[in-house]
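sequence first, then the predicted structure, then my questions.
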Amino acid sequence: MAAIREVAEWVGASDPGTAGEVIEVSGFDNAGAESVVFAVDEATLALALASKAGVVLANARLRGAESPSDPRIVWVRDARYAFATVARRLKGRGFVADVHPTAVIGEGVVLGEGTHVGPGVVIEDGVAIGKDCNILARAVVYSGTVIGDRVVVQAGAVLGSTGFGYVRGESGEYLMFPQQGRLVVEDDVEIGANTTIDRGALGETRIGQGTKIDNLVHIGHNCTIGKNVMIAAQTGISGSSVVEDGAILGGQVGIGDHATVGRGVILGGGAGVLSGKKMHGEGEVFWGRPARPLREYLKDLARLKKR
Amino acid sequence: MAAIREVAEWVGASDPGTAGEVIEVSGFDNAGAESVVFAVDEATLALALASKAGVVLANARLRGAESPSDPRIVWVRDARYAFATVARRLKGRGFVADVHPTAVIGEGVVLGEGTHVGPGVVIEDGVAIGKDCNILARAVVYSGTVIGDRVVVQAGAVLGSTGFGYVRGESGEYLMFPQQGRLVVEDDVEIGANTTIDRGALGETRIGQGTKIDNLVHIGHNCTIGKNVMIAAQTGISGSSVVEDGAILGGQVGIGDHATVGRGVILGGGAGVLSGKKMHGEGEVFWGRPARPLREYLKDLARLKKR
Amino acid sequence: MAAIREVAEWVGASDPGTAGEVIEVSGFDNAGAESVVFAVDEATLALALASKAGVVLANARLRGAESPSDPRIVWVRDARYAFATVARRLKGRGFVADVHPTAVIGEGVVLGEGTHVGPGVVIEDGVAIGKDCNILARAVVYSGTVIGDRVVVQAGAVLGSTGFGYVRGESGEYLMFPQQGRLVVEDDVEIGANTTIDRGALGETRIGQGTKIDNLVHIGHNCTIGKNVMIAAQTGISGSSVVEDGAILGGQVGIGDHATVGRGVILGGGAGVLSGKKMHGEGEVFWGRPARPLREYLKDLARLKKR
């Protein structure tokens, strides 16, 4: 619960001068007098003002639109971001600092202050996990993994699993290449349900600070993922590839081994990057298999239809 | 165990007048006198009659083919469906109503009569699960999930996980958009191993009655999946998309966010639907990335070869 | 720990005559006097010799390159293979023969000598597992599964799950086709994290001897996978398909049902094989969706650009 005055302060807005308190963020339909909603355009502003919400976070560029004088409006630069900020402040982090009795914690494991370990989680020997992390139900963390602070791991994710590296013998049989490296997950990383990230073979796999990874993603051994990278569901990144800071990968993207996805590159859903390929261009969008600049991809599609 | 007379009754066939009993359905190779097999064409009818099976469920349109007078034959409209029906009646539902001692059941969880909860399952606080459900080993059900009757959840599936929704701050960092909605799984839904379904952000994710979902499927937050939809393995559906009643999605299909797959639409394996796209046509088959009517896709392929 | 003389013996090399012992394999950076490294070309040989490693396994064809007389070099036919061999000998199999107290072992389960069952693993009634297997954390093995010797199952994998086979009733509802067959996993198979393999419907699913499967792979019911097959991450194989000995499947490959991938065929990452399709050619590389010989695929790409 927070006073409306406080809410305004959290999002850097001027005090709307409204008395009263709020307890939650919500959608329009189930908003009550103690709810906070948000509006990013005129349509959603109309819905917001028609709702029973006590506070409407609205993009400042809408000022002058309908009902601008409604005392429930708190004008902000980015209403969606403000909404997420208020949600976080109202709800807190949403977990408590404890280790569920059904979790299996190996020898020599270090758990930082404020960290929660959920039911059925398995943390193997020697793993180090930082402060205020939330490791949800049935996640597995293999030996050789180091996790920073405020990391969230959703249910069923597997961190630090054995990489898929083999050498072939003369009679066609495969022998595993040693997979004895480690996995480093930096601060503020969030990892989706049933996602798998392999540890390094001899070196390390690294997930950079602030990177967010969706469900059922696979990241191979020796990959280096930069900071604030977004990786949507079911994307797969083969061994030894590099994804630089701020890149955005759509769902079901496939990246071959030893490839580089440059800083700020955007890969559309289902895009494919060949092994060894290097793609660069901050904010440039690539699409298709093999991935090419969006404009080129669209031209190819059009050409296919012309004959 | 059931009398052959009963078996005929289950599938709406006339009593073949054969005495004796059966205990199981089976393939041709290991069929015995107490086994039921099925035949959908002349080739399988020949195999069925050559087997030791005690009952042969056969498509009525085959009447007049070889050995039509074999007393083991029970003529039905759809032998495959009849076979599945008999299997279900002979075997029952195949699980008992209990909660395995290693399952973790949160506070305020409601479990309907006849429901089984397997080993290592985690059901978080406040979840409601209906009657006669089978929640298999190590599945996880997050708070905010409501499950109907006769739902089957295979091992390792994660229901109600946190959606992948973020807002980006001015310095490039991501903040999670609130993911506080719920997941509703209606009656008779079946969900595959290690599949993940996220709950709604502010609203709900819904899986309609009778829908069947294969392994390693991902369904994002706020999706609405209709009734009797089939979703094959490794398909991914991004947030806020709609798949209407009776649609059939092949394996590895990818659907962007806010897309609509209309009633009865069929998406071939690996088809890709762009964000915001709406595809309609009962029984119409779409193929490729981006998905287009099959005829058009085949023309495109042919054109590519002609030059 | 092993004498350098022994190491040479393991890899079939002549004794370099160097005294001393080694304890581990390692990368160049963290190699010490008791480490073994390897070199496959002149560049890596230079790095190896510049490192502090006590033993350098080097491809014999490099003899004559720089520092050939360095007493640390052990010349071998395939340095990468020799390196993996030494790693395996030095480290042993890396697990102990026990069953973790949190594992759930069903009735009538048979576990071979030397087999390890990790925390949270669930093995259902009647499963048979061979000798010297390593079943890692939270894997699930359904009833009806038979596992050979020296099989490794990574965390979260699900073996023998119910296949995705349904028959449709007259009112559009689906009824499960009986999924009562079995899954056979032959000797020396290795299976990745969160991978799912369904058991047969009436018959069996079979994974051949020596086959290696990466993370998040799906193998449908009644598939037959040959010996020494490689299947990279997120590949999906639909029901009743056959992959013959020595085939190599890249990541995110999709194979329809009742297809055949012939002996030694190589499918590039993301390749798609249509249902019922048969592809043959030892060592032949197929690419794209639908998969076609690499040369043809490249021509198609080039043609698309020409107009």
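Received, thanks. Keep in mind that what you see is a predicted model, and the values were worked out from it rather than measured.

OK, contacts around the residue nearest to residue A:72 when sequence neighbours are not counted?
Once flanking residues are discounted, residue A:72 sits nearest to residue A:56: 5.0 Å by C-beta to C-beta, 6 or more residues apart in numbering or on different chains. Any C-beta I mention is one placed from the backbone N, CA and C, and that applies to glycine too. Residues counted as contacts of residue A:56 (C-beta atoms under 8 Å, 6 or more residues apart in numbering or on different chains) are A:36-39, A:45, A:48-49, A:70, A:72-74.

one more: residue A:302?
Residue A:302 neighbours (C-beta under 8 Å, 6+ apart): none.

what helix or strand is it on?
helix A:294-306 (DSSP states H and E).

flag every buried residue along that helix.
For helix A:294-306, the neighbour count (16 or more other C-beta atoms under 10 Å in any protein chain shown) marks A:294, A:297, A:300, A:303-304 as buried.

again, but for stretch A:285-296
So for stretch A:285-296, counting by 16+ other C-beta under 10 Å, buried means A:285-292, A:294.

so which of the buried residues of helix A:294-306 would count as near chain B as well?
Checking these against chain B by C-beta under 8 Å from any C-beta of the partner chain, the ones in range are residue A:304.

which among the buried residues of helix A:294-306 gets closest to residue A:129?
Among the buried residues of helix A:294-306, residue A:294 lies closest to residue A:129 (C-beta to C-beta), at 39.8 Å.

what separation do you get for that closest one and residue B:292?
18 Å (C-beta to C-beta, to the nearest Å).

over to residue A:202?
Taken as C-beta to C-beta, the span from residue A:202 to residue B:292 is 46 Å.

repeat that for residue A:83.
In terms of C-beta to C-beta, residue A:83 sits 38 Å off from residue B:292.

check residue A:295 too.
Shown here: residue A:295 relative to residue B:292, a distance of 20 Å by C-beta to C-beta.

before we move on, the earlier item: of all the buried residues of stretch A:285-296, which comes closest to residue B:171?
Nearest to residue B:171 among those: residue A:285, at 22.0 Å, using C-beta to C-beta.

distance from the chain centre to stretch A:48-61, please.
27 Å (C-alpha atoms, centre = their mean, to the nearest Å).

I'd say residue A:112 and residue A:131 touch.
Yes: if you go by C-beta atoms under 8 Å, residue A:112 and residue A:131 touch, sitting 3.6 Å apart.

give the residues shared as contacts by those two.
Common neighbours of residue A:112 and residue A:131 (C-beta under 8 Å, 6+ apart) are residue A:149.

which pLDDT does the model give residue A:111?
Looking at residue A:111, its pLDDT reads 98.

partners of it in the sheet?
residue A:129 (DSSP bridges).

so where is chain A shaky, pLDDT-wise?
Across chain A, the ranges flagged by pLDDT under 70 are A:65-68, A:307.

run a quick neighbour tally on residue A:89.
15 (other C-beta atoms under 10 Å in any protein chain shown).

contacts only, for it.
A:2, A:7, A:10.

test my guess that the last one contacts residue A:83.
So that's residue A:10. No: the pair residue A:10 / residue A:83 is not scored as a contact, 10.8 Å apart, by C-beta under 8 Å.

these two: which has the busier surroundings?
Shown here are residue A:10 and residue A:83; by other C-beta under 10 Å, residue A:83 has more neighbours (25 against 15).

and residue A:96, helix, strand or coil?
Following DSSP: H, G, I helix; E, B strand; the rest coil, residue A:96 is assigned to coil.

near chain C, which residues of the stretch 1-150 of chain A are found?
Within the stretch 1-150 of chain A, the residues that sit near chain C (C-beta under 8 Å from any C-beta) are A:102, A:104, A:120, A:122, A:124, A:138, A:140, A:142.

what two of these are the furthest from one another?
Farthest pair in those (C-beta to C-beta) is A:102 and A:142. Separation: 18.8 Å.
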